Each structure stands twice: as structure tokens, then as C-alpha cells.
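# Show me how the following folds:
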Amino acid sequence: MPDEKVKKFIDSILNKKMSLIISKINSLKNEIETNLKNITQSDDFFTYEIPKYLETKEENIEGEKISLLHRYTLKISTSTNQINLIDNLLEGINLFCNRAALFLLRDDKFVGWGGIGFSNKNGEIGNNDVKKIFLSFSANTIFRYIINNKKKYSGKALSQPDDHLIYSRFGGEKPNKIFVSPFYVNGKPQAVIYTDSFGYKEIEEKTIEVISTIGEMSLNLFPFRQKLLARVKTKEFSEEPEKEQIDLREPIYEDFFHSTKKNDPERKARVIINDLVLYNELTIDEARKSKNLYKSLHDAILQAKEEYLKKFNDISIFEKQLIKILANGDKEALRGYPFETLF
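Here you go, the predicted structure:
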């Protein structure tokens, strides 16, 4: 066979094989493209689960926050007395800041009721030491600003000229940020709630406001709840429904906050003596046991008596409440006190 024919024969075979290979390659390419397209269009392609160890904590945090709010709503609203209510209030608030404290407005001063989160380390006071703090209302502090303006404050620790008085009493380092809000009783700002934060800890202001509002509402309703429960217990509610009506206009805070019912000497005596107990809690327990209350609290008792006599003359009412509240019913614990009346 001539060389030319051999060459043509070989070329034709190669061309046929090449065409076959190209055809198979194109077919395979089209099949691959189709499969890839089907994969991306599949619902399963975009369906996936994030492992729990990679999940964001935001949803968990929000769930925990709601759970805590629910828990403290119940604790505050079902408190058995006003003291327990305020303690639960502070405990709930402290979950959303570093430190929390409540200061009552008493006459011309702010009086520390209690605090949570105070470490008693590195020069800082402890929780119980908050009760010993007094701040004059005349001092230009953030507390006075809050009461006068009936508005909350969020920002730096030193915002008013005399705020240094607060932190000198707290001791330790100054916080990075504070959140202070008025606490309303009977529609009036009667106390301030102080919260702060250090380092990277944030103050959950909105959550704290919710808890504070629950506290205010519960405190407003507390005396009514007590009256209703007492009536149910003694069946007065059903047997004598018109004998005693709850007066919604009547001031309802007898012992915890100052009463505005100014013409009641017994109530005035209770308020004054309860203040005395509040300010001297640590001393009183021991003095009751050793029956030397008058010796231990001589000046405080005479000052309380003088304050009562500024408005009322019947000293017997004051002395009865002195025995009942300060001496816990034991007159002998007031040994040495110059009683002016006989019981």
C-alpha cells in the first residue's frame, strides 16, 4: 500500500477515535454540570444545623433574663412584709449590675437602707455598712438631682459637685458607670435606687427599670393585700362588708417610709422609733439581751423623744411604742430610762 494511502487510513481512524473521545468528554461534562446544578437547587443544600458548642449565646441569655424576671416578679409581689419586699427588690436588681443599693429620703437626709454586691475588701464597705451611710439632702449629689427632677440618670460616677461624698463613704474604687433612678411611693419619689458597674460588666438598665416598677407597684398594693387577707381570715369580709372600707386616698406606708398622716401620734411614734431601730440594728440586738438599751442608746433615745414632743404632748404613746418596738415588749430592757407614765 502506497505511503499516502496508509497515512490517510491512519488519519481517518485517529479522527474517528478523537471525535468519540470528545463526544464522551462533552457528555460527561454536561452530566457533571447538571448534577452540580441539581445539588445547588436542592433544599438540603441550604439546610444545616449549628452544633451546640458553636451556637451564639444571645438567645440563651435572653431566655435566662426572662426567666429571672419571672422569678423575681413572683418573689417581690408575694413578699410577706415590706422589708422582705425591698430585700427581694435589691436582690433582683443586683443580678443585672455589679452593686445595688437603696437610699430612703428621710426628712432632710438620704439614709442607706441596704446594699448588695459590696465586697468589704480593698477599702470597700460591706453590704451591711450601707445602712450606716447618711447623706444630707442639701449636698449637691446625684441623689438630690434624681429626687428634685424626678428622672433617672445613667453615666459617669461623678456628675454632680458633691458626688465624691457618696464614693468616699463607699470606699474602694470608683465605678465606670452608674445608673440611678427614683423609687416612687404613693406617687412620690421617696427613695433612690443606685446601681453601678466595673470593668466589662454592663448595667442592664431596662431590666432594672422593670424590676423597680414591679417593686413600686407591689409596695403600693401591699397594705391592701394585707387588709384583704386579714378580712378573709377573720370572715369580716363576708360578715361585715360595710363596717370598714379601704380608703384609697389614705397614705399606706406606716413604718417603712414616713407617713403623711400627720395628726396621728401613735403612727408618728412608730415611725421615729423604727428609724432608731434601723440606724442602730447591730447595737440593739446585744443591748436587748443585756437589758441596757437606754445606756447603749442614751442619746438616740432622747433625740427620738424630743422629735416626738415637737408635735405631740402625750408622752405615754411614745413610751408604749418604745417598749413595744425598741425593747421588743420587754420594759426591763430599757432599765434606767426615766419613764414619765406608768403602764
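
# Where does residue 208 fall, secondary structure wise?
Secondary structure assigned from DSSP states H and E places residue 208 in helix 205-234.

# Let's test this: mean pLDDT of that helix, rounded?
Per-region confidence: helix 205-234 scores 77 on mean pLDDT.

# cool, and stretch 296-306?
For stretch 296-306, the per-residue pLDDT values average out at 89.

# which residues touch it?
Applying CB atoms under 8 Å, 6 or more residues apart in numbering, the set of residues contacting stretch 296-306 from outside is 272-273, 275-276, 279-280, 283-284, 286-287, 293-294, 315, 318, 322, 326, 337. The C-beta positions use only the backbone N, C-alpha and C, and glycine is treated the same way.

# so residue 281 touches residue 132, yeah?
No - with the criterion set as CB atoms under 8 Å, residue 281 and residue 132 do not qualify as a contacting pair; they are 9.5 Å apart.

# picking that back up, can you tell me which of the contacts of stretch 296-306 are buried?
Taking 16 or more other CB atoms under 10 Å as the criterion, what is buried in the contacts of stretch 296-306 is 272-273, 275-276, 279-280, 284, 287, 293-294, 315, 318, 322, 326, 337.

# Tell me which of these fall in helices.
For the buried ones among the contacts of stretch 296-306, the ones inside helices are 272, 273, 275, 276, 279, 284, 287, 293, 294, 315, 318, with DSSP state H as the criterion.

# now those as TSV including distance to residue 31?
Listed next are these as TSV, based on distance: CB to CB, whole Å:
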residue	distance to residue 31
272	96
273	95
275	91
276	94
279	90
284	92
287	97
293	99
294	104
315	108
318	102
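
# any idea of the mean pLDDT for stretch 314-333?
Taken as a whole, stretch 314-333 has an average pLDDT of 91.

# how about the CA coordinates for it, as CSV?
Output in CSV follows, covering the C-alpha atoms of stretch 314-333 (Å, rounded to 0.1, in the frame of the first residue of the first chain):
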residue,chain,number,x,y,z
ASP,A,314,-49.0,62.6,125.1
ILE,A,315,-45.7,61.0,126.1
SER,A,316,-47.4,57.8,127.1
ILE,A,317,-48.0,56.9,123.5
PHE,A,318,-44.3,57.4,122.7
GLU,A,319,-43.2,55.3,125.7
LYS,A,320,-45.6,52.5,124.9
GLN,A,321,-44.2,52.2,121.4
LEU,A,322,-40.6,52.5,122.8
ILE,A,323,-41.3,49.4,124.9
LYS,A,324,-43.1,47.6,122.1
ILE,A,325,-40.7,48.3,119.3
LEU,A,326,-37.3,49.1,120.7
ALA,A,327,-37.4,46.8,123.7
ASN,A,328,-39.4,44.1,121.9
GLY,A,329,-42.1,44.2,124.6
ASP,A,330,-39.6,43.9,127.5
LYS,A,331,-39.7,47.0,129.6
GLU,A,332,-36.8,45.8,131.7
ALA,A,333,-34.6,46.0,128.7
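
# Show me how far it is from its chain's centre.
Using CA atoms, centre = their mean, to the nearest Å, the distance from the centre of stretch 314-333 to the centre of the chain it belongs to is 35 Å.

# same thing with stretch 213-222?
Between the mean C-alpha point of stretch 213-222 and the mean C-alpha point of its chain there is a distance of 13 Å (CA atoms, centre = their mean).

# list the buried ones in it?
In terms of neighbour count (16+ other CB under 10 Å), stretch 213-222 has its buried residues at 214, 215, 216, 218, 219, 222.
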